[in-house]
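[1] here is my input, please return the structure:
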Amino acid sequence: MGMSIEIGVCESIKSNDNPLLYAFATYGRQENFHESSGLLQIFKYVISCLGILSPTDKRKYWMVLIVQSLLGFLDLVGVAILGIIGALALRGVQAQAPNPHIVQFLEFIGLHNQSLQNQISILTAAAVTILIGKSLITVLLTRKILYFLVSKSSKETRSLISKIVAQPIIDINAVNSYELQYIFSSGISLVIIGILGTFMTFVSDCSLLLILAIGIVAIDPGIAAFSIALFGMVGLVLYFILHKRAKIIGIKLAETNIESQSRLHEIIYAYREIYVRNRRFSYALQIANLKEQNSHLMAEQNFMPNISKYAVEITLILGGSLIAAFEFYSHSASRAFAGLSIFIAAGSRIAPALLRAQQNLVQMQSNRGASERTLQMMNKLQNYQQLPPETNSVDRSHEGFAAQVVLENVSFKYPGPNNFKVDDLALQINPGDFVAFVGSSGSGKSTLIDIILGLHTPQGGRVLISGHDPQSTLQMWPGAIGYVPQDVYIVDGTVRENICLGLDPNGIQEADILSAIKSASLEEFIKELPKGIDSHLNDNATSISGGQRQRIGIARALLTKPKLLFLDEATSSLDAQTEEDISNAIFQLKGEITVVIIAHRLSTIRRADKIYFLVNGQVVSSGTFEELKKSNPDFERQALLMGL
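    Next up is the predicted model:
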């Protein structure tokens with residue numbers, strides 16, 4: 001799955017500094033991707049994830065992490081009080097005087113003159129308050145940091161999308177769109193919440209374990225050594241058993257999700273071809289198998305915490321039994337009870353903390369496998385500029401915009417082993433002109449339009465629209481340039497929403513929408529719809545014809561009353577009469593609007609002021625329709641074949 005790009009191409013991409021393309025081309029061949037799955041590598045990965053946070057966000061993160069870690073001292077105090085309660089209860093039953101250290105403690109807190117019942121009641125209330133309070137504070141802090149991370153995830157998603165769509169169209173088209181969907185739907189959340197959020201809980205629990213271990217050493221070094229050895233051994237065994245499998249599951253979950261989305265998209269958008277090939281069941285089987293794999297992986301991922309849970313429970317029972325037995329046979333029943341009390345009191349906090357820490361470690365390993373592609377992309381694009389904010393208002397006057405296009409010695413070549421190139425091309429399109437580009441398939445017509453619009457960045461020369469580079473012009477005069485592709489994309493929404501693509505329909509006058517509909521000859525089509533302009537269209541647009549698609553695209557382009565209009569085979573799916581009607585409507589705007597058109601149907605461009613004939617990216621001849629018929633044999637042959 002994914003992209004199949006050879007190493008040589010990757011090196012070429014790297015040398016040309018195309019981060020978007022290189023991030024995906026090199027993914028899976030990174031040395032640390034298949035290797036180094038140890039604990040140290042997880043910590044390194046966490047540091048890499050922290051690198052995407054701003055300095056301010058990092059300070060907030062570390063501050064909360066430190067506070068959560070220090071809360072472990074409250075657990076230590078609570079456990080110590082529970083130990084004192086156990087000792088007091090045992091001494092009371094045996095009618096013995098309390099330990100001198102306990103007496104000093106009771107004097108310090110002012111309980112030495114109270115009865116045994118009051119002492120135990122007050123200490124129990126204090127221990128419960130401290131332990132429950134600590135848990136509540138931890139919950140509130142965790143909630144706060146998770147909300148912070150969710151907000152950060154949303155901002156990073158917006159930032160990453162902005163940076164990606166700011167890249168050249170060549171880089172964007174080279175990336176598997178389903179991989180991008182996965183990154184935006186799950187990948188960024190896995191990096192920020194799944195790694196950074198989980199790491200915070202992990203460190204907090206590890207700090208608690210360390211603090212409790214130190215405290216138990218002070219109370220009873222023997223029990224402390226036994227507890228640390230026992231729980232430590234169980235934790236390490238669980239880690240080594242589960243962590244590698246967790247990462248593999250994370251990687252495979254990402255892969256099966258992406259591939260199943262790809263197969264589902266294919267069966268929807270290529271249904272006719274799949275139907276004719278009689279491959280519908282095959283696709284259904286592929287998708288079902290991928291979903292089954294995904295379900296098995298999710299089931300295994302969800303089952304993993306149960307392994308840790310029951311292992312820790314067994315350890316707690318077994319450890320308590322061993323300590324009680326040892327103290328009973330080597331000392332006395334009272335020592336056995338005291339040792340068991342300390343172990344259970346400490347274990348009641350150690351076991352959940354150890355369980356959470358171990359599960360969080362496994363979860364981070366799984367999230368690491370599922371999020372590495374996303375982090376790689378975020379790191380590659382970290383220093384790249386986002387797109388500037390756009391205005392939602394529609395200005396149909398476009399004051400100050402001059403519909404003039406100038407190409408000054410433009411050179412362009414696609415990356416990789418492609419012989420096509422534009423070399424030292426110079427031409428000028430003046431306001432009010434009706435200009436056409438013609439030539440055989442692959443001659444560079446659409447590429448030239450993409451260069452003019454700024455979708456491709458030329459390696460030499462420059463393009464000016466209204467005296468500025470294309471991207472600046474589009475930002476300064478949004479809507480002044482219209483564009484209609486050959487394959488018009490229909491969004492999953494109403495006709496109104498499709499015509500207003502990217503704009504808020506509520507902010508556009510109804511009269512302006514109706515005017516665009518009339519210019520695109522869409523009136524009859526809309527009359528046939530049950531809810532007219534507010535009828536819903538599916539994103540696969542199976543309910544409308546290719547000609548209706550193109551007319552929606554034309555209405556979309558004319559909505560903002562552009563001064564410069566590009567039509568890239570925009571009438572190829574129209575019947576002759578509709579094409580003539582639309583051509584007449586556009587031609588009537590001559591003088592008010594500059595039209596640049598690509599067409600295989602030469603009838604569409606007969607009235608063009610100037611026609612450029614392209615061969616492999618080069619303009620070999622130009623002139624009016626009649627001039628080209630006389631000067632260019634290929635053009636003349638095409639005209640004759642069409643009876644022109």
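[2] what are the buried residues along stretch 418-430?
    422, 425, 427, 429 (16 or more other CB atoms under 10 Å). For the C-beta atoms, the positions are set from N, CA and C on the backbone; glycine is no exception.
[3] distance to residue 85 and secondary structure added to those, as a markdown table?
    Below are the buried residues of stretch 418-430 laid out as a markdown table (distance: CB to CB, whole Å; DSSP: H, G, I helix; E, B strand; the rest coil):
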| residue | distance to residue 85 | secondary structure |
| --- | --- | --- |
| 422 | 85 | strand |
| 425 | 88 | strand |
| 427 | 91 | strand |
| 429 | 90 | strand |
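[4] Throw those into JSON lines and include distance to residue 74 and pLDDT, thanks.
    Converted to JSON lines, the buried residues of stretch 418-430 look like this (distance: CB to CB, whole Å; pLDDT from 0 to 100):
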{"residue": "422", "distance to residue 74": "70", "pLDDT": "86"}
{"residue": "425", "distance to residue 74": "73", "pLDDT": "89"}
{"residue": "427", "distance to residue 74": "76", "pLDDT": "91"}
{"residue": "429", "distance to residue 74": "74", "pLDDT": "92"}
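[5] from the residues you listed, which is closest to residue 263?
    Nearest to residue 263, judged by CB to CB, of these is residue 422 at 37.2 Å.
[6] which strand residues sit across from that closest one in the sheet?
    residue 412 (DSSP bridges).
[7] now do the strands in the protein.
    If DSSP state E is used as the criterion, the strands of the chain fall at 405-413, 421-429, 434-438, 460-465, 481-484, 493-494, 536-537, 564-568, 594-598, 610-615, 618-623.
[8] tell me where the stretch 301-450 of the chain has helices.
    333-380, 445-453 (DSSP state H, counting those that start in this stretch).
[9] compare the mean pLDDT across these and name the weakest.
    Note on the helices of the stretch 301-450 of the chain: lowest mean pLDDT is at helix 333-380, with a mean of 72.
[10] now the residue sitting nearest the centre point of the chain: how far from residue 153?
    The residue lying closest to the centre of the chain (CA atoms, centre = their mean) is residue 184, at 1.8 Å. Distance, residue 184 to residue 153, using CB to CB, to the nearest Å: 11 Å.
[11] same question, residue 537
    Taking CB to CB, one finds residue 537 at 32 Å from residue 153.
[12] read off the pLDDT value for residue 29.
    41.
[13] wait, residue 329
    62.
[14] also residue 18?
    53.
[15] got it, and residue 495?
    The score at residue 495 is 90. That number is its pLDDT.
[16] list the contacts of it.
    The contact partners of residue 495, taken as CB atoms under 8 Å, 6 or more residues apart in numbering, are 526, 529, 532, 533, 534, 535, 537, 552.
[17] check residue 461 too.
    By CB under 8 Å, 6+ apart, residue 461 lies in contact with 407, 408, 409, 410, 411, 424, 425, 426.
[18] cool, and residue 163?
    With CB under 8 Å, 6+ apart, residue 163 has these contacts: 381, 384, 385, 386, 387.
[19] let's see that with 6 Å instead.
    By CB atoms under 6 Å, 6 or more residues apart in numbering, residue 163 lies in contact with 381, 384, 386.
[20] show the pLDDT at it.
    80.
[21] roughly how far apart are it and residue 195?
    Using CB to CB, residue 163 is found at 20 Å from residue 195.
[22] one step back: excluding its backbone neighbours, what's nearest the residue nearest to the centre of the chain?
    Among residues not flanking residue 184 along the chain, residue 157 sits closest, at 5.9 Å (CB to CB, 6 or more residues apart in numbering).
[23] burial measure for the one you found, as a count.
    As a burial measure, residue 157 scores 17 neighbours (other CB atoms under 10 Å).
[24] so it touches residue 188, yeah?
    Yes - taking contacts as CB atoms under 6 Å, residue 157 lies within contact range of residue 188: 5.0 Å.
[25] can you give me the neighbour number for residue 151?
    Look at residue 151: counted by other CB under 10 Å, it has 12 neighbours.
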